[in-house]
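**Q** Got a predicted structure here, sequence first:
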Amino acid sequence: MRRLSIVLVVTGMLALVLPTGAIAQAAPPQATPSNSNGVIQGRIMNGTAGTSPIGSVPLSLLKFRRMTQETDIQGQSNADGTFRFEGLEFGTDLRYFVQAGYQDVAYRSEVFDPNKPPKDFTIKVYEATSDEGVIRIKRASVAIPQVEGTQGFYSVLEIVTFNNTSDRTFVGTLYTDQQKGGTLRFPLPSNPLDLSLGHGFGAEGVRTGQGGMISLTPMLPGELETDYTYSLPYSESSATLLKVWFYPVDEVVELIPQSVARPFSPDLSTTDNVNVNGKPHYLLTGGPLRPGQPVNLQLAGLPRFVKLSGGGPSLDTVMRGTAVALMSVIVLAVLGYVFVVNRRRIAIAGEAGWVPLDVTDLETERQTLVRSLADLEEACEAGRVPEAQYEQQRRRQRARLTDVLLLLREQSAEVQP
């Protein structure tokens, strides 16, 4: 459901118009008898101005049958940058790519169809640069596609269109800092949950750390659109989302369905009743922004929590505290497993089995749960936790986090004069 909402929001934000039937998937073609006289030829060229010819570079010929890669043939271009592969099998279900390696960056060609007459293809490679000054953001879009009122979370979709304004490939600190290095930097709110990468990220993925994530894929000259989603907890009927970007931003666009929340930002202009997919939205726009210039988005009118079925209004504070203590023992066991999986250590202070329930300890547990959910997501994406186990632990921890947030809100109300 979340992915469907994201697709709809992306459609509205980007004003994407497809012809009728454009998304229909055609039946896969029937394979024809194979032949072995296909030819692929072309030239490797340096796309960076004022540079000399690159000479011979390593090549890989990638063979795909429908959507599955079958072979990877290694080769080398000639001294003048030309290359030619002969005696290739061809058929309607076969396609080829040529990949050229230059300065530790792989450049892939357009698809080669050996069923067509041979022609010269050009693969452009570029000199590398680590200068962040060549990167700017053409448009930074933020949407709040949905709110899970019973869980106390709201979803955030970000679509960031980067522009490499140079004629060099941006590699940042990818090859100079093996521990924390990367290319494009993405700031994130503290402890986001359910972080999910969309298009625009290479197979290498990202490296997450304090304050955000950094891509591990070099960025070629020109534009690159990226999108990603995450969830954030809230404990009242309002929330604040503070956004910053590490690069100059030409335009900021924020889109919130009117059914989700009432937004306000002192840094943006607001337009009411913008129709997206037949539904009214608030549209907030602004820019340009300097690197690091904050944008404050305040959300009001969020749905308050619906209490869990097991915790009716007749459950007094003592009984609820006992239930919390019992559940915490289970949660701590789950947290211990997650941290072991991630090869991290966590020290739990206090006597075994003693779970204090004052506001400070509840807040500490809330922060631990948020971090644990993020670690669990990372472990699942890395394949260290099976999908079924991930879903079970995620449901349990999110349910516990909902209880903790509810207790915090109730105890906060009890101390009010």
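**A** Yep, it's here. This is a predicted model, so every value here is computed, not measured.
**Q** Would you map the helices across the stretch 251-400 of the chain?
**A** Applying DSSP state H, counting those that start in this stretch to the stretch 251-400 of the chain gives helices spanning 317-341, 359-381, 387-414.
**Q** Quick one: mean pLDDT for the shortest one?
**A** Confidence over helix 359-381, taken as the mean pLDDT, stands at 72.
**Q** Next: the first one.
**A** Summarised as a single mean, pLDDT over helix 317-341 is 33.
**Q** swap in the longest one?
**A** Averaging pLDDT along helix 387-414 gives 64.
**Q** likewise stretch 173-184?
**A** In this model, stretch 173-184 has an average pLDDT of 93.
**Q** got the end-to-end distance for it?
**A** 10 Å (Cα to Cα, to the nearest Å).
**Q** Need the residues that contact that stretch.
**A** For stretch 173-184, the surrounding residues in contact (Cβ atoms under 8 Å, 6 or more residues apart in numbering) are 104, 130, 135, 162, 170-172, 206-207, 209, 214-219, 224, 226. For every residue, glycine as well, the C-beta is placed using N, CA and C.
**Q** next one: stretch 48-55
**A** Residues contacting stretch 48-55 (Cβ under 8 Å, 6+ apart): Ile44, Met45, Asn46, Ala79, Asp80, Gly81, Tyr102, Val125, Tyr126, Glu127, Asp167, Arg168.
**Q** Now, of those, which are buried?
**A** Ile44, Asn46, Gly81, Tyr102, Val125, Tyr126, Glu127, Asp167, Arg168 (16 or more other Cβ atoms under 10 Å).
**Q** so of those, which ones are in strands?
**A** Counting by DSSP state E, the part of those found in strands is Ile44, Asn46, Tyr102, Val125.
**Q** Just put these in TSV and tack on distance to Phe264.
**A** Below are those laid out as TSV (distance: Cβ to Cβ, whole Å):
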residue	distance to Phe264
Ile44	53
Asn46	50
Tyr102	49
Val125	48
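**Q** Make JSON lines out of the residues you listed and add pLDDT and distance to Asp177.
**A** Shown next, in JSON lines, are those (pLDDT from 0 to 100; distance: Cβ to Cβ, whole Å):
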{"residue": "Ile44", "pLDDT": "94", "distance to Asp177": "29"}
{"residue": "Asn46", "pLDDT": "95", "distance to Asp177": "26"}
{"residue": "Tyr102", "pLDDT": "95", "distance to Asp177": "21"}
{"residue": "Val125", "pLDDT": "96", "distance to Asp177": "23"}
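**Q** out of those, who's nearest Val274?
**A** If you rank these by distance to Val274 using Cβ to Cβ, Val125 comes first, at 42.8 Å.
**Q** My guess is the closest one contacts Tyr107. True?
**A** Yes: counting by Cβ atoms under 8 Å, Val125 touches Tyr107, with 4.9 Å between them.
**Q** Now distance to Val295 too, for the contacts of stretch 48-55, in TSV please.
**A** What follows is the contacts of stretch 48-55, written out as TSV (distance: Cβ to Cβ, whole Å):
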residue	distance to Val295
Ile44	43
Met45	41
Asn46	39
Ala79	52
Asp80	51
Gly81	46
Tyr102	38
Val125	37
Tyr126	32
Glu127	34
Asp167	31
Arg168	30
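**Q** For Lys63, what are phi and psi?
**A** phi -110, psi 130 (degrees, to the nearest 10).
**Q** so it touches Phe90, yeah?
**A** No: at 10.1 Å, Lys63 does not count as touching Phe90 under the criterion of Cβ under 8 Å.
**Q** Which one of the two is surrounded by more residues?
**A** Taking other Cβ atoms under 10 Å, Lys63 and Phe90 do not tie; Phe90 has more neighbours (21 against 18).
**Q** how close does the more buried one sit to Asp113?
**A** Phe90 sits 8 Å away from Asp113, going by Cβ to Cβ, to the nearest Å.
**Q** And Val244, by the same measure?
**A** 45 Å.
**Q** for Gln41, same thing?
**A** According to Cβ to Cβ, Gln41 stands 13 Å off from Asp113.
**Q** Can you find the helix or strand of the chain with the lowest average pLDDT?
**A** Ranked by mean pLDDT, DSSP states H and E, the weakest helix or strand in the chain is helix 317-341, scoring a mean of 33.
**Q** picking that back up, from the contacts of stretch 173-184, which land in strands?
**A** Going by DSSP E, the strands hold Ile135, Phe162, Phe170, Val206, Arg207, Gly209, Ile214, Ser215, Leu224, Thr226 from these.
**Q** Among those, filter down to the buried ones and hand me the ChimeraX syntax, if you would.
**A** Buried residues within these, by 16+ other Cβ under 10 Å, are selected in ChimeraX with:
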select :135,162,170,206,207,214,215,224,226
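**Q** Format the ones in strands among the contacts of stretch 173-184 as JSON lines; extra columns: distance to Asn296 and pLDDT.
**A** JSON lines is the format used below for the ones in strands among the contacts of stretch 173-184 (distance: Cβ to Cβ, whole Å; pLDDT from 0 to 100):
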{"residue": "Ile135", "distance to Asn296": "24", "pLDDT": "98"}
{"residue": "Phe162", "distance to Asn296": "23", "pLDDT": "98"}
{"residue": "Phe170", "distance to Asn296": "29", "pLDDT": "98"}
{"residue": "Val206", "distance to Asn296": "26", "pLDDT": "93"}
{"residue": "Arg207", "distance to Asn296": "28", "pLDDT": "92"}
{"residue": "Gly209", "distance to Asn296": "24", "pLDDT": "81"}
{"residue": "Ile214", "distance to Asn296": "24", "pLDDT": "95"}
{"residue": "Ser215", "distance to Asn296": "26", "pLDDT": "96"}
{"residue": "Leu224", "distance to Asn296": "27", "pLDDT": "96"}
{"residue": "Thr226", "distance to Asn296": "23", "pLDDT": "96"}
